[in-house]
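Chemist: Got a predicted model here, sequence first, then my questions.
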Amino acid sequence: MDKRPYDLWAEVPSPIKTRLRNAFTAYAEECFQKDGILLKAYVPAQVGGNMPKEEYLKGMKPEDLPDACFLMDFGECSEATFAALAEKAYEKPEIRAWFPEVMAVDIRRLGERKIPETYDDLLREEYRGEICLIGNKKMPDPLAGLYMLRKYGPEGLEAFVRNVASFAPPSETLRHVGRLSNTYGSIFLMPPLFAQICLEKPAAKVVIPRSGALAEPMLLYQKPVAPAKEKVRGFFDSAAFRELMADYQMPAIGDNRFRIEKSCWALATEEELEIVFHAFHKK
């Protein structure tokens with residue numbers, strides 16, 4: 001696949017793929033009518049380990065990379081191979097938005113135990129076998145594990161992993177929260193877009209710690225020199241982009257309605273993610 005015609009390559013979560021593609025197309029039409037500049041973007045249908053081999057940017061030559069990329073921090077941009085490639089081709093990446101997670105709590109199943117108020121509470125032994133994460137044991141959502149590793153080291157990470165009971169997507173678990181059919185756990189880490197559904201359930205509660213939500217950074221990479229560099233940048237500064245992200249509770253930078261835990265500003269490294277995944281694999 002020839003990626004060179006694309007001014008923007010965006011690997012983003014499934015809920016916003018179509019909306020982001022449509023928003024950029026509308027923005028591109030405005031740019032063409034105003035300045036005669038034709039912008040093209042590509043949004044892969046799959047992300048992460050599900051992408052076809054030819055859609056991995058890390059396998060390209062620097063000169064063949066798209067002029068700009070919008071990527072999730074835990075994706076291929078955390079790998080050393082891509083980091084070395086990006087250092088040659090791109091400027092330092094910027095965080096332009098967040099993919100946060102909050103705690104949805106099944107109060108019925110939790111019983112007399114205290115409702116967790118912070119992510120740190122999830123290390124407590126009383127929550128052994130009560131935490132449900134997105135993903136699977138082979139490829140678990142690493143966000144909370146990364147937080148524990150950075151704050152408490154390998155021992156803290158292992159304590160957290162011991163408390164994890166199951167892995168499942170919110171589309172599967174939400175209908176069971178607060179019901180007798182819930183066999184997944186009492187504490188679910190999931191994006192607020194899904195967790196807000198729990199607000200309608202009397203036996204459920206959504207917790208966002210005062211220190212802020214854990215969140216995966218969404219990064220913009222740009223080549224130092226590109227024909228449409230400022231136009232692409234303008235899209236990420238636009239009201240249309242900010243409104244899109246706000247609608248899906250993936251706040252753009254500068255959206256102060258959603259507090260993000262300060263440790264999340266440090267980008268993940270390949271070594272950190274390997275430690276987190278290994279801790280789950282040996283469980």
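Modeler: Sure thing, it's come through. Numbers count the residues shown, from 1 in each chain.
Chemist: Can you check which helix is longest in this structure?
Modeler: helix 143-163 (DSSP state H).
Chemist: Name the residues of that helix that are buried.
Modeler: 143-149, 156-163 (16 or more other C-beta atoms under 10 Å). Backbone N, C-alpha and C define where each C-beta goes, glycine included.
Chemist: by contact count, what packs against the next helix or strand after it?
Modeler: Beyond helix 143-163 on the C-terminal side, the first helix or strand identified by DSSP states H and E is strand 164-167. Applying 3 or more C-beta pairs under 8 Å, 6 or more residues apart in numbering; DSSP states H and E, one finds that strand 164-167 makes contact with strand 131-133.
Chemist: How far away from the center of its chain is the strand it packs on?
Modeler: Distance, stretch centre to chain centre, for strand 131-133: 16 Å (C-alpha atoms, centre = their mean, to the nearest Å).
Chemist: Could you do stretch 70-87 as well?
Modeler: Distance, stretch centre to chain centre, for stretch 70-87: 14 Å (C-alpha atoms, centre = their mean).
Chemist: my read: Pro44 touches Glu55, true?
Modeler: Yes. Using C-beta atoms under 8 Å, Pro44 makes contact with Glu55 at a distance of 5.2 Å.
Chemist: one step back: between the buried residues of helix 143-163, which sits nearest Ala228?
Modeler: Among these, Leu143 lies closest to Ala228 (C-beta to C-beta), at 32.8 Å.
Chemist: circling back: what's the closest of the buried residues of helix 143-163 to Met218?
Modeler: Of these, the one sitting nearest to Met218 (C-beta to C-beta) turns out to be Leu143, at 13.0 Å.
Chemist: Contact partners for the closest one?
Modeler: By C-beta atoms under 8 Å, 6 or more residues apart in numbering, the contact set of Leu143 is Phe74, Glu101, Leu189, Leu214, Ala215, Glu216.
Chemist: what sits opposite the fourth one in the beta ladder?
Modeler: According to DSSP bridges, the partner residues bridging Leu214 are Glu101.
Chemist: so what pLDDT did it get?
Modeler: As predicted, Leu214 sits at a pLDDT of 97.
Chemist: Next up, the contacts around it.
Modeler: Residues in contact with Leu214 (C-beta under 8 Å, 6+ apart) are Pro100, Glu101, Tyr119, Leu143, Ala144, Tyr147, Leu189, Glu261, Cys264.
Chemist: The last one and Ala195: what is the separation?
Modeler: According to C-beta to C-beta, to the nearest Å, Cys264 and Ala195 sit 17 Å apart.
Chemist: So between the two, which is more surrounded?
Modeler: Taking other C-beta atoms under 10 Å, Cys264 and Ala195 do not tie; Ala195 has more neighbours (26 against 22).
Chemist: tell me what whichever strand or helix holds that one is packed against?
Modeler: Assigned by DSSP H and E, Ala195 falls within helix 192-195. Helix 192-195 sits against strand 94-106, helix 170-173, with contacts defined as 3+ C-beta pairs under 8 Å, 6+ apart.
Chemist: Quick one: mean pLDDT over it.
Modeler: pLDDT averaged over helix 192-195 gives 93.
Chemist: just to revisit the earlier point, quickly check the contacts of Leu214 for the two that are furthest apart.
Modeler: For the contacts of Leu214, the farthest-apart pair by C-beta to C-beta is Leu189 and Cys264; their separation is 13.8 Å.
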